[in-house]
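Enquirer: Below: sequence and its predicted model.
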Amino acid sequence: MSAPAPLTAPFDFDVLATAGAARAGVFVTPHGAVETPAFMPVGTLATVKSLDPDELRAAGVEMLLANAYHLSQRPGQALVRDLGGLHRFMGWDRPILTDSGGFQVFSLATLRTVREEGVEFRSHVDGATLHFTPESVMRLERDLGADVIMQFDHVIPGQSEAAAARDASERSLRWLARCRREFARLQEERPTLDAAPLPQALFPILQGGVHAELRREAATAITGMDDWPGFGIGGLSVGEPKPDMYAMLEVVDAALPRGRPRYLMGVGFPEDLVEGVRRGVDLFDCVAPTRMGRNGTVFTADGRLNVKRAELRSDPRPLDPDCGCPTCRRFSRAYLRHLYVTDEMLGMRLLSLHNVHFLVSLMRTARQAVLGGTFDGWSDDWLQRYHSSRPDASR
Ligand SMILES: [Zn+2]
């Protein structure tokens, strides 16, 4: 395969090393570089729940995600735009990606009507009738001002039959063409004559459910439409068996250009990250680390650990002896269990911080293994230990 054309400045993506399909790269955005593979924590409402930007930075987070749909409801896109955009609003000066809202419209909303023009649905906040179209979502994501913005797509339940998956995938392609036109128009727009341009990268989303043929067709249609700066892989980790997800990633890996970042949307369990990197994925996001942290569950190299367990009542060990996060450096399982069962706010914060740190560090370690030529052995060993051990057992 010939070398890919460079991305339009200020964006850039370089693959520095590979190990099979796995890649170690650098994705450059207007707000800085992201070393890939990378995990992006989710700040749904412009906050990664309970963690402030300094803590995220110290945990090694380089890029995070916010949800356009949620922010359109509260506080509203005009307010964020008028206060200087999402980076300034939330005090995060590094790269941000916004999800277009497709997933939320199709998962949270009730009384949805899908037409070719767009989707009519009720707000999950106040029940108001809302209309999202590819054009309105491009405007929304421009107002928010993230570095990477996602197309508006038609999301269907996981494991949908081929006919429904095809219908949604083909509509997503038509909507992509409309997103692309509107995105190009908005790129030319300046709020005032002397305002600097706002460079953004638009990523298409590759749908197709668990149907290999649909995934291949979507990849062909999407790559035939434009030389995109990166690709979202949607509609996975939505209830299908893991082997199906991994098989689809292999199909997608073969079908997408290698010189562009691939972002596997909504996938964030540690084992899925390692399996995804093995299959050529560069970026991941998920609410799992913070949501599970708030529910008292943490990731460790030996699998998941529930801090509510009675055995931890007097356990002096850290959550994960090999973790370098502030939670593990300072606090025992016994203390964290105590905070959790007494409903202390600090407990949820410390568990969320550990989980985010764990995933960010896992991707940094995977990257080092690709760069160092040890990725195959490292990932085999890591997966075996994660799946076979019991973190609550004494070691
Ligand atoms: Zn930790």
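Expert: Sure thing, it's come through. Residues are numbered from 1 along each chain as shown.

Enquirer: For burial, what's the neighbour tally of Glu217?
Expert: Residue crowding around Glu217 was assessed by other C-beta atoms under 10 Å; the count is 17. (C-beta placed from N, C-alpha, C; glycine too.)

Enquirer: And for Asp322?
Expert: Residues near Asp322, counting by other C-beta under 10 Å: 11.

Enquirer: list the contacts for Phe203?
Expert: 148-151, 228-232, 263 (C-beta atoms under 8 Å, 6 or more residues apart in numbering).

Enquirer: switch to 7 Å and redo it
Expert: 148, 150-151, 228-232, 263 (C-beta atoms under 7 Å, 6 or more residues apart in numbering).

Enquirer: And Val61, by the same measure?
Expert: Residues in contact with Val61 (C-beta under 7 Å, 6+ apart) are 41, 356, 360.

Enquirer: Just the ones of these in strands?
Expert: Per DSSP state E, strands hold the following members of these: Pro41.

Enquirer: Looking at the contacts of Val61, spot the one nearest Asp82.
Expert: Nearest to Asp82 among the contacts of Val61, counting by C-beta to C-beta, is Pro41 at 26.1 Å.

Enquirer: Name the residues linked to that closest one by a beta bridge.
Expert: With DSSP bridges as the criterion, Pro41 is bridged to Cys286.

Enquirer: Please report how far the residue in the stretch 101-250 of the chain positioned nearest to the ion lies from Ala165.
Expert: In the stretch 101-250 of the chain, the residue that lies nearest the ion is Ser237 (23.8 Å; C-beta to the ion). Using C-beta to C-beta, to the nearest Å, Ser237 is found at 16 Å from Ala165.

Enquirer: So between these two, which is more surrounded?
Expert: The neighbour count for Ser237 versus Ala165, taken as other C-beta under 10 Å, is higher for Ala165 (23 against 20).

Enquirer: OK, contacts around that one?
Expert: Per C-beta under 7 Å, 6+ apart, neighbours of Ala165: 156, 208-209, 211, 214.

Enquirer: who in the protein is up against the ion?
Expert: Counting by C-beta under 5 Å from the ion, the residues of the chain close to the ion are 323, 325, 327-328, 354.

Enquirer: rerun at 8 Å
Expert: Listed as neighbours of the ion in the chain under the rule C-beta under 8 Å from the ion: 298, 318-320, 323-329, 353-354, 357-358.

Enquirer: And the residues you listed, which is closest to Glu271?
Expert: Using C-beta to C-beta, Phe358 is the member of these that sits closest to Glu271, with 12.3 Å.

Enquirer: ok, now which ones touch the closest one?
Expert: Here Phe358 is in contact with 299, 323 (C-beta under 7 Å, 6+ apart).

Enquirer: Helix or strand for it, just tell me which one.
Expert: Here Phe358 is covered by helix 345-372, with elements defined by DSSP states H and E.

Enquirer: buried ones in that helix?
Expert: Within helix 345-372, the residues that count as buried by 16 or more other C-beta atoms under 10 Å are 347-364, 366-367, 369-370.

Enquirer: immediately after it, which helix or strand?
Expert: Counting by DSSP H and E, the next helix or strand C-terminal to helix 345-372 is helix 375-388.

Enquirer: Is Met130 bridged to anything, and to what?
Expert: Check again: residue 130 is Leu, not Met. Phe121.

Enquirer: does Ser352 really touch Asp52, like I thought?
Expert: No - at 11.5 Å, Ser352 and Asp52 do not qualify as touching, with contact defined as C-beta atoms under 7 Å.

Enquirer: wait, which of the contacts of Val61 is closest to Arg122?
Expert: Of the contacts of Val61, the one sitting nearest to Arg122 (C-beta to C-beta) turns out to be Pro41, at 28.6 Å.

Enquirer: these two touch, right, the closest one and Ser50?
Expert: No - using C-beta under 7 Å, Pro41 is not in contact with Ser50, being 11.2 Å away.

Enquirer: Identify the residues contacting the residue lying closest to Gln200 once chain neighbours are set aside.
Expert: Ranked by C-beta to C-beta, 6 or more residues apart in numbering and with sequence neighbours excluded, the top spatial neighbour of Gln200 is Ile149, at 5.4 Å. Counting by C-beta under 7 Å, 6+ apart, Ile149 makes contact with 98, 141, 200, 202.

Enquirer: buried residues in the lowest-mean-pLDDT helix or strand in the chain?
Expert: Every helix and strand in the chain was compared by mean pLDDT, DSSP states H and E; the lowest is helix 102-107, with a mean of 84. Neighbour-count burial for helix 102-107 flags 102-106 (criterion: 16+ other C-beta under 10 Å).

Enquirer: List the contacts of whichever helix or strand comes after that helix.
Expert: Beyond helix 102-107 in the direction of the C-terminus, DSSP H and E gives the next helix or strand as strand 113-114. Strand 113-114 has contacts (C-beta under 7 Å, 6+ apart) with 119-120, 154.

Enquirer: which one among these gets closest to Asp343?
Expert: Among these, Val119 lies closest to Asp343 (C-beta to C-beta), at 38.9 Å.

Enquirer: Need the per-residue pLDDT for the closest one.
Expert: Val119 is assigned a pLDDT of 94 by the prediction.

Enquirer: do you know how far it is from Pro229?
Expert: 26 Å.

Enquirer: Looking only at neighbour counts, state which of Pro41 and Ser50 leads.
Expert: Higher neighbour count among Pro41 and Ser50: Pro41, with 25 against 17, using other C-beta under 10 Å.

Enquirer: show me where pLDDT drops low in the stretch 1-150 of the chain?
Expert: 1-2, 109-110 (pLDDT under 70).

Enquirer: now the strands for it?
Expert: Applying DSSP state E, counting those that start in this stretch to the stretch 1-150 of the chain gives strands spanning 12-19, 22-29, 32-36, 38-41, 64-67, 96-99, 113-114, 119-122, 129-132, 148-150.
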